[in-house]
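1. return a 3D structure for these sequence lines:
(chains A and B)
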Amino acid sequence: MPEFEPSSSGVETLQRRTRTAAKVRSPLAKFAAFRFNREVVVLILLGIAFFVGAKLSPFFLDRDYLLDASSLYMETGLIALAMTFIIISGNIDLSVASTLALVASVTALMHAKMHLPFGAAMILGLILGGLLGLFNGLMIVRLKLPSLAVTLGTFALYRGLAQIIIGDHSVGSFPDWFAGIDYRHLAGPIPAPLGIFLICAVVFGLLLHQHILGRWTVAIGTNAAASRYSGIPNGTILIGLFTLSGFMAGAAGLMLESRLSVARFDMGTGLELDAITAVVLGGTDIFGGRGTIFGTVTALFLIGILRNAMGLANIKVESQLVVIGLLLIFSIVVPNLLQRKK
Amino acid sequence: MAAELKPILQVKNIFKSFGGTPVLEGVDFDLYPGEVHVLLGENGAGKSTLTKIISGVHRPDSGQILIDGSIVHIPSPIAAQKLGIALLHQEPLVFPNLDVAENIYMGRQPVRGAASLIDWKQVYSGAAQHLNELGQNLDPHQSMLGLSVANQQMSEMARALSQQTRILIMDEPTASLSPGEVADLFRIMRQMCAQGTAIIFISHRLDEVFEIGDRITVLRDGEMVGTVLPTETDTENIIRMMVGRPLTALFSKQADTPGEVRLEVRNITSFGNFEDISLSVRSGEIVGIAGLVGAGRTAVANAIFGVDPINSGEVLLDGKPVHIRNPREAVQNGLAYVPEDRQHEGLLLPMSIAENITLPQLRQYARAGWLQKKKERAAAEEVTSRLQLTGARSVHQAVSELSGGNQQKVSLSKWLLTQPEILILDEPTRGIDVGAKAEVYHLMNELAAQGMAILMISSELPEILAMSDRILVMREGRITSEFDREVATQEKVMSAATRAVRSSDSAPHATEAENVLPASNSSFGMFLAKFREVGILVFLGLVFAAATIKSHRFLEIANLRNILLDLPLLMITAMGMTMVIISRNIDVSVGSIIGLSGIMVGMLFKSHPEMAVPPALLIGAGIGLVLGSINGSLVTWMRVPSIIATLATMSIFRGLVFIVSGGRQVDSNDLPPVLIHLSQTSPIGIPWHVLIAIAVAIITHLFLRYRRTGRAIYAIGNNPVAAGLRGIPVKQVVFLCFAVTGLLSGVGGVLYASRYGFVNPGQTGVGFELSVIAAAVIGGTDVFGGSGSVLGTTLGCLLLCVINNALTVVGFSAFYQLAVYGAIILTVLVVDSSVRKQFGRAVTEGA
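-> Numbers count the residues shown, from 1 in each chain, chains lettered A, B, ... in the order given. Next up is the predicted model:
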């Protein structure tokens, strides 16, 4: 799915206007020359969401409020970063939210029941997340199975295991240093979850666009057979990507656990949908081969701010599902239809 | 030959352009009954576009097509079929999991009776008859999966026969055939012509053109150059017409004195592919491998390059044994391999020239993994200028925008950058025009002169003879002969490749390819189906035994009745899911549809307590149909992948459940007793639920087995492109699958209210999609699409319900259910995968 361009007439008038306005290459001219890809569309939508949010509530545009509210969707963000790689490689990982719940449940129980120091439980939890992802990757690569089927299976298995070990209980009692990550701040007003996410986003962005790993991921998603014939270690890379996805889901599990100060088997239900929505809305081709971290990050904030605004407008969480679902569909349907016209 | 006859087809002044680029500019073409009219031209000359217009794939911008003298419009492949026009593609478009007979008749199966049910007897006898007419002894019951390309093409020819084809268009049918198979094909073509069929024949092999053609029309740059008779022209003249200039001395290998042995292969074997292969290539030498398609040549190249494993034997580089396990290690060892299939294996079409060229040695353009894009660009520019990549604007241009010849140059040049010592070329000039061929040969000469060792696989004998220093011939997975260039002749090479000297055109060559391949009698789908049902029953028995030992309550009538009552809801929905998965899709929104239909019908009962059950079921079905149609529209006309579309509608529908109900549950006192009793009673003692489920299963089975539309679902799951070209309305059929699944889930919503006596917005149908998908997959529905059965899915449902019930009865908490479902899905996937692997080993060489 290549990025779509605006109707030629729009660009032409814009260009004509800029040409007459300034002989020198103005920022506007640069903007007109810039391809109207998905990232830009999402950026514009983000602006609209801000505008609507501000109309809904006078508090909406408050800097601290916006920053603090971001903590609500940073777990989704961590997962979406790895999901961007997974989807670019032509795969999908439906098990991320279940991995999150299992890691959170296991770490909480290790601390509460086995009296392990929580620091150790955390490290083991991150390792567990990686291992759960590794299992997905091995099944997909070694047995040549579609990632959709495998991760649908582990989607059930991982949350089911969480359910078995933790039952219907809410396990809490975390050390003070761990609980309430969203009340801590990095670098002034930036809440810790946002800070962690932004650092990760920069690293993932560099990996995708400037590193050999990113190029390989794009190549595999474009044509796996040709990549293999070109000497790319497809299997190793895919196993690595799924391990990374599991690891990030585990990290998101710890973040959510800290934020809620409790672990339950049904934590983060449906979170995979938000993550996939952010990735696809951000312009990553659902069939693989194309995507950017910038798009994912922009789309994530769009979804977060939309949810935030809907909350302010007293729209229930269940009804918000409708909006997120529609957003996901439109993000694919609109470019599809535009492309067909061309 | 038939000057006094009237032309069957006339094409007048056709213009066609794609996105502003003119492809055909005023082309005229005519075709007489009983002639083979050859269409020649370089790549991009417009041959394929012209044939696609005649066969209804494309529509012309202007111009006329006349059949039997009257103007016709051909808006679709199916319209072309009705006019007696059939197009045979270069790669046979087949449905691998279906058998030969069904491949021949797909979309046009003979039907009988008022219900238009497929007459299977006639399908098989008709197929057998047409195969006989072609002199083929293929079994109509054999699955397409195990057949060689040549045999698949024969099945396609039988299809053309069965359609009463008057105009047969063959687009490079010989590209992947061996000489023997080509002779066989020509014999059949002459036979069809004798019966009055007119054939349009496209080929890049000039010798064939002279052998089979009655007339030759040459296209260049979208315009007609002229039509000539083969008897009045020669190769040089034809080439001049094609390229617009005379082309002398097309190619030949320059004599060099070869150096040291670079690559040596000793007695390598790969079970089912090739046996005991030994060969060596010296520095500066070009060694050609000739042989039939399917003789194992590509498999040898793949094995040397580490794409496929070797079972025994060893590979030596510069005299040292190496163990190459994958292409990456091959590259590290100085090997390079240009595979046969440029578009699927050689290149990454949407990516840029630079990205393609640097891919094998990307690490050289990176420091500690970080890419140095300037260095990359400079290297790509150097290579492209050396290769004279005409038509490329910059190295950032996508490879897909280049012509076939230029693409092949990129495919070659990406390996030149790795400075390999050994280069393996598989069909290096396949499907590229004469001019580009000459450049490729020139490059090969240059590389050999620089000391590279080159191993070339080719099916074009003139190429093998002219370019090789030594020629190896493979037959049935073994090397049968070796010739030095001085002594090799076409006849010698061909006789080594085909076991016997070609005696006459009527020799039964087609059987040779069959001997090469272990013929398999069943597809993976059929294989699964056979063992699947037994497997499930055995497993069911085990669960029954275990549960009975653990708890005596399990076998009590009341409990068995419970199992029976759990079954219908799952079964009805799973029937729809089976169809969706067969069509290569998935629907994860079924649980939410059950919820929405259940809550809406429940609320209707609350406000209209007097409502009867049948209208309630109808309303539920209607709601489901609407929701399913939304899914179907998204997946088909809006082109959203089904997993994403239904993941989105899963939340949208669930959100609607909450909005509609205001979050409130519909209780049993809101529901009329007749509805509740539906799950308990019926006139004949079996609960209504079970009766409905049985009816749905029977209807689904009849539909999938005996209706053309039902078979179309399998066709789409096997090969959507081929299905479309056979005139199957792919989008409508996929839409139907989703709509029906929605409808059945809608009925399921009402049954849920009836069975459990309540509908809860946050509970009803939540996670149910997992059970439904699990049931279908356990029942043998292939997750890759194209196979599945009602019986299998029914058994899958039964197994799930029994396990579920056993867990509760034995005393495990309900919390085990989710994990058990996950484990079952994964187990089934693992089992299927190992079966597929075992099965796949026998047929890999088939493709």
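
2. how much space is there between the closest residue to chain B within the stretch 1-150 of chain A and A:M83?
-> With CB to the nearest CB, the shortest gap between the stretch 1-150 of chain A and chain B falls at A:L143, namely 4.0 Å. Heads up, the C-betas are built off the backbone N, CA and C, glycines and all. A:L143 sits 22 Å away from A:M83, going by CB to CB, to the nearest Å.

3. quick one: least confident helix or strand in chain B?
-> helix B:510-516 (a mean of 35; mean pLDDT, DSSP states H and E).

4. quick revisit: A:L143 and A:M83: who's more crowded?
-> Ranked by neighbour count (other CB atoms under 10 Å in any protein chain shown), A:L143 and A:M83 place A:M83 first, with 28 against 16.

5. can I assume that one sits in a strand?
-> No - applying DSSP: H, G, I helix; E, B strand; the rest coil, one finds A:M83 to be helix, outside a strand.

6. hang on, it packs against A:V280?
-> No - applying CB atoms under 8 Å as the test, A:M83 and A:V280 come out as separate, 9.4 Å apart.

7. now stretch B:63-74: buried residues?
-> Residues B:G63, B:I65, B:I67, B:I74 are the ones in stretch B:63-74 that count as buried (16 or more other CB atoms under 10 Å in any protein chain shown).

8. among these, which one sits closest to B:M241?
-> B:G63 (22.3 Å; CB to CB).

9. name the helix or strand for that closest one, please.
-> Assessed by DSSP states H and E, B:G63 sits inside strand B:62-67.

10. and that strand, which strands flank it?
-> strand B:9-18 (antiparallel), strand B:70-72 (antiparallel) (DSSP bridges).

11. buried deepest among the ones you listed, which one?
-> strand B:9-18 (a mean of 18; mean count of other CB atoms under 10 Å in any protein chain shown).

12. figure out how far the helix or strand just after that strand is from the centre of its chain.
-> Beyond strand B:9-18 on the C-terminal side, the first helix or strand identified by DSSP H and E is strand B:21-31. In terms of CA atoms, centre = their mean, to the nearest Å, the centre of strand B:21-31 is set 31 Å apart from its chain centre.

13. what about the helix or strand following strand B:21-31, average pLDDT?
-> Once the chain leaves strand B:21-31, the next helix or strand it forms, by DSSP H and E, is strand B:36-40. For strand B:36-40, the mean pLDDT works out to 92.

14. can you tell me what sits against the helix or strand that strand B:36-40 is followed by?
-> Beyond strand B:36-40 on the C-terminal side, the first helix or strand identified by DSSP H and E is helix B:47-54. Applying CB atoms under 8 Å, 6 or more residues apart in numbering or on different chains, the external contacts of helix B:47-54 come out as B:9, B:11, B:14, B:16, B:23-24, B:27, B:29, B:39-41, B:58-60, B:65, B:74, B:80, B:85, B:87, B:167, B:169, B:171, B:200, B:202, B:219.

15. mean pLDDT and distance to A:L244 added to the strands paired with strand B:62-67, as TSV?
-> Shown next, in TSV, are those (pLDDT from 0 to 100; distance: least, CB to CB, whole Å):
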stretch	mean pLDDT	distance to A:L244
strand B:9-18	89	41
strand B:70-72	92	58
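
16. looking at those, which is nearest to B:F815?
-> Here strand B:9-18 is closest among the strands paired with strand B:62-67 (CB to CB), at 58.7 Å.

17. CA-only coordinates of the closest one in PDB, if you can.
-> Presented in PDB, the C-alpha positions along strand B:9-18 are these (Å, rounded to 0.1, in the frame of the first residue of the first chain):
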ATOM      1  CA  LEU B   9     -11.300 -13.200 -34.900                       C
ATOM      2  CA  GLN B  10     -10.500  -9.800 -36.100                       C
ATOM      3  CA  VAL B  11      -8.900  -7.100 -34.000                       C
ATOM      4  CA  LYS B  12      -9.100  -3.600 -35.500                       C
ATOM      5  CA  ASN B  13      -7.200  -0.500 -34.600                       C
ATOM      6  CA  ILE B  14      -6.900  -1.200 -30.800                       C
ATOM      7  CA  PHE B  15      -5.500   1.400 -28.500                       C
ATOM      8  CA  LYS B  16      -4.700   0.900 -24.900                       C
ATOM      9  CA  SER B  17      -2.700   2.800 -22.300                       C
ATOM     10  CA  PHE B  18      -2.100   2.300 -18.600                       C
END
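
18. now it and strand B:21-31, what's the angle there?
-> 170 degrees (axes from the mean of the first three to the mean of the last three CA atoms, to 10 degrees).

19. just the angle between strand B:9-18 and helix B:47-54, please?
-> 120 degrees.

20. give the buried residues for stretch B:400-417.
-> So stretch B:400-417, judged by 16+ other CB under 10 Å, has buried residues B:402-417.

21. ok, the residues you listed vs chain A, which is closest?
-> The closest of those, once distances to chain A are taken by CB to the nearest CB, is B:K414, at 7.2 Å.

22. which residue packs closest to the closest one, ignoring adjacent ones?
-> B:I357 (4.5 Å; CB to CB, 6 or more residues apart in numbering or on different chains).

23. which strands or helices does the helix or strand hosting the one you found pack on?
-> According to DSSP H and E, B:I357 maps onto helix B:353-358. In terms of contacts (3 or more CB pairs under 8 Å, 6 or more residues apart in numbering or on different chains; DSSP states H and E), helix B:353-358 is packed against helix B:373-386, helix B:404-416.

24. I'd like these laid out as JSON lines, including mean pLDDT and distance to B:R475.
-> Below are the helices and strands packed on helix B:353-358 laid out as JSON lines (pLDDT from 0 to 100; distance: least, CB to CB, whole Å):
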{"stretch": "helix B:373-386", "mean pLDDT": "88", "distance to B:R475": "38"}
{"stretch": "helix B:404-416", "mean pLDDT": "85", "distance to B:R475": "28"}
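
25. the helix or strand hosting A:G311 - what's its average pLDDT?
-> For A:G311, the element it lies in under DSSP H and E is helix A:293-312. Here helix A:293-312 scores 91 as its mean pLDDT.

26. same check on stretch B:203-211?
-> 81.

27. residue boundaries of the strands in the stretch 1-150 of chain A?
-> Taking DSSP state E, counting those that start in this stretch, the stretch 1-150 of chain A contains no strands at all.
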